[in-house]
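>>> no sequence for this one, just the structure:
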């Protein structure tokens, strides 16, 4: 199973805006609740992108001035490992 | 029934509004409170509503659209954010109690712009003079809820921006029929209800935020839950507690109706009805009609009073004949003071996109008949 990448957003609304920008750029970006280990201050939401689209997604977000502060790789068990955006 | 009380609440709604509200009741949960389908559906609907409002009201980002329970709620947030003890607050003179009561409870000096009703040029001259003194915050009603006077908010906003004075706009009577522009006005906050010109359900409102502001309600937001301070970011900072998802689902359909119809088309329709009504009522003996000489300065709201009949009596007589209007002070004593109607009040007739010329004509005939019969 290929890993997914989670772009952590500070709020649900921010995640929705992030997803909207990515979807408009043709990048599939479903929203999910961020895993506990990646949630920082507590509950938050994340946008999930496939590994092969991560670089493109980050470039799109950078252009839209929505640069994420944290990105995690998630395995099939829900485990996460932070990666440098 | 002829419903002419849309200045209070629009009763006739686009069919999609009650449908969406009812659908949300059984299919949607709470945004941000779960990862399941009902929560996701609610989140999607609430976000679509933010996007729709942002597009209609010149808001740079959907996060700056905050859902409130009413315009009053939004105005209370705005005032709590900008008003400090000792401040001097400048008002247009047409403010609703939603503005003036919170200010009366604060330790501030309130000044009002003094200019005749419907005279936008005199208003701006007086506004400039007032702004030359100490002013810490300006609150402007976009349209008087009593007289339909369209205040020159666009011009006034540029003056505030040039002087760096924060501006709050009460768009309760203008949202949905006039251009309302958070970014274009450089406003700190713009508040509006969902249940008037946006055709949403009662219990909905929108606060457009140029800044995060102070919280007047604290609680769960579904974000940053370990922290005991409210989040710094919008909309979460101003949206503690469970959203009115059913109301917002209906409001989304109301906003879509307004955007589809075109606010300028709705305004033109209501203004035409207002002029027709004013012309008809001006011919009724004893009635004083508050109509602007320049019709473009008046929205679809008209106030009248009779030289002998009490305004509440006239309102009740119309209601008995199935014509819904509103009589009294309309929660806006400041506006009545400007027009000299504080002691008598007025009967207010206000339109929506769903009213017709035939309804106007019947209202004129009925009012004339009531007054004729009373005079015997």
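Noted; the coordinates are in hand. Note that the coordinates shown come from a computational prediction; the quantities given were computed from them, not determined experimentally.
>>> Would you mind listing what in chain A touches chain B?
Within chain A, the positions near chain B by Cβ under 8 Å from any Cβ of the partner chain are A:10-14, A:16-17, A:20, A:31-33, A:40-45. In short, each C-beta sits where N, CA and C put it, glycine included.
>>> among those, which ones are buried?
A:10-14, A:16-17, A:20, A:31, A:33, A:43-45 (16 or more other Cβ atoms under 10 Å in any protein chain shown).
>>> which stretches of the chain form helices?
Picked chain A for this. A:12-24, A:54-63 (DSSP state H).
>>> I was after chain B.
B:16-27, B:37-56, B:71-82, B:97-104, B:120-131, B:153-163, B:245-261, B:263-282, B:311-320, B:333-339, B:357-375.
>>> Can you read off the pLDDT for the closest residue to residue B:40 other than its chain neighbours?
Spatially, and ignoring its direct neighbours in sequence, residue B:40 is nearest to residue A:31 (7.6 Å; Cβ to Cβ, 6 or more residues apart in numbering or on different chains). For residue A:31, the model assigns a pLDDT of 95.
>>> Can you name the residue of chain A nearest chain B?
residue A:42 (3.1 Å; Cβ to the nearest Cβ).
>>> Test my guess that that residue contacts residue B:229.
No: the pair residue A:42 / residue B:229 is not scored as a contact, 11.8 Å apart, by Cβ atoms under 8 Å.
>>> that older thread, quick one: contacts for the residue nearest to residue B:40?
A:12, A:15-16, A:19, A:45-48, B:40, B:43 (Cβ atoms under 8 Å, 6 or more residues apart in numbering or on different chains).
>>> got it, and residue A:49?
A:4-5, A:7, A:22, A:27-29, A:57.
>>> Buried ones among these?
A:4-5, A:7, A:22, A:27, A:29, A:57.
>>> ok, which pair from these is furthest apart?
Largest separation among those by Cβ to Cβ: A:4 and A:22, giving 13.5 Å.
>>> Quick check: buried residues in stretch A:62-74?
A:66, A:68, A:70-74.
>>> Least confident of the residues you listed?
Ranking the buried residues of stretch A:62-74 by pLDDT, residue A:68 lands last with 78.
>>> Pretty sure it sits against residue A:62.
No: the pair residue A:68 / residue A:62 is not scored as a contact, 9.3 Å apart, by Cβ under 8 Å.
>>> Look at residue 79 and report its pLDDT.
I'll assume chain A. At residue A:79, pLDDT is 84.
>>> hmm, I had chain B in mind actually
98.
>>> re the thing from before, name the nearest residue to the residue of chain A closest to chain B, ignoring sequence neighbours.
Here the residue nearest residue A:42, using Cβ to Cβ, 6+ apart, is residue B:225, at 3.1 Å.
>>> Which residues are in contact with the one you found?
Contacts of residue B:225 (Cβ under 8 Å, 6+ apart): A:41-43.
>>> will you turn those into a markdown table that also has pLDDT?
Listed next are these as a markdown table, based on pLDDT from 0 to 100:
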| residue | pLDDT |
| --- | --- |
| A:41 | 81 |
| A:42 | 80 |
| A:43 | 83 |
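>>> Measure how buried the nearest residue in space to residue B:374 that is not next to it in sequence is and give me the count.
Residue nearest to residue B:374 in three dimensions, not counting chain neighbours: residue B:309, with 6.3 Å by Cβ to Cβ, 6+ apart. A count of nearby residues for residue B:309, using other Cβ atoms under 10 Å in any protein chain shown, gives 18.
>>> ditto for residue B:82
21.
>>> Could you pull out the buried residues of stretch B:57-71?
Neighbour count says stretch B:57-71 has B:57-59, B:61-71 buried, by 16+ other Cβ under 10 Å.
>>> My error: substitute stretch B:88-104 in the last question.
Neighbour-count burial for stretch B:88-104 [16+ other Cβ under 10 Å]: B:89-103.
>>> Repeat that for stretch B:247-259.
B:247-258.
>>> mind giving me a markdown table with those and columns for distance to chain A and pLDDT?
Shown next, in a markdown table, are the buried residues of stretch B:247-259 (distance: Cβ to the nearest Cβ, whole Å; pLDDT from 0 to 100):
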| residue | distance to chain A | pLDDT |
| --- | --- | --- |
| B:247 | 17 | 98 |
| B:248 | 13 | 98 |
| B:249 | 16 | 98 |
| B:250 | 20 | 98 |
| B:251 | 16 | 98 |
| B:252 | 14 | 98 |
| B:253 | 19 | 98 |
| B:254 | 20 | 98 |
| B:255 | 17 | 98 |
| B:256 | 17 | 98 |
| B:257 | 22 | 98 |
| B:258 | 22 | 98 |
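>>> Point me to the residue of the stretch 201-350 of chain B nearest chain A.
residue B:225 (3.1 Å).
>>> ok, that residue to residue B:216 distance?
20 Å (Cβ to Cβ, to the nearest Å).
>>> Which residues does stretch A:61-73 contact?
Outside stretch A:61-73, the residues touching it (Cβ under 8 Å, 6+ apart) are A:3-9, A:14, A:17-18, A:21-22, A:35, A:38, A:40, A:46, A:54, A:58, A:80-85.
>>> First residue to last residue on it, what's the distance there?
18 Å (Cα to Cα, to the nearest Å).
>>> same check, this time on stretch B:220-237
10 Å.
>>> I'd like the mean pLDDT over that stretch, please.
Rounded mean pLDDT across stretch B:220-237 is 94.
>>> How about stretch B:148-157?
Rounded mean pLDDT across stretch B:148-157 is 98.
>>> swap in stretch B:95-102?
pLDDT averaged over stretch B:95-102 gives 97.
>>> same thing with stretch B:338-356?
Averaged over stretch B:338-356, pLDDT sits at 96.
>>> Near chain A, which residues of chain B? Just list them.
Counting by Cβ under 8 Å from any Cβ, chain B sits next to chain A at B:31-32, B:34-35, B:40, B:43-44, B:47, B:50-51, B:61-63, B:221-227, B:231, B:233-236.
>>> what residues are up against the residue lying closest to residue B:235 once chain neighbours are set aside?
Distances taken as Cβ to Cβ, 6+ apart place residue B:66 nearest to residue B:235, at 4.7 Å, with adjacent residues excluded. When contacts are counted by Cβ under 8 Å, 6+ apart, residue B:66 touches B:74, B:77, B:206-209, B:234-235, B:238-239.
>>> Any chance of CSV for the buried residues of stretch A:62-74, columns distance to residue B:14?
Formatted as CSV, these follow (distance: Cβ to Cβ, whole Å):
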residue, distance to residue B:14
A:66, 34
A:68, 39
A:70, 43
A:71, 43
A:72, 43
A:73, 46
A:74, 43
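>>> In strands, which of those residues fall?
Among the buried residues of stretch A:62-74, the members falling in strands (DSSP state E) are A:71-74.
>>> May I see those residues organised as TSV, with distance to residue B:161 added?
Below are those laid out as TSV (distance: Cβ to Cβ, whole Å):
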residue	distance to residue B:161
A:71	38
A:72	42
A:73	46
A:74	46
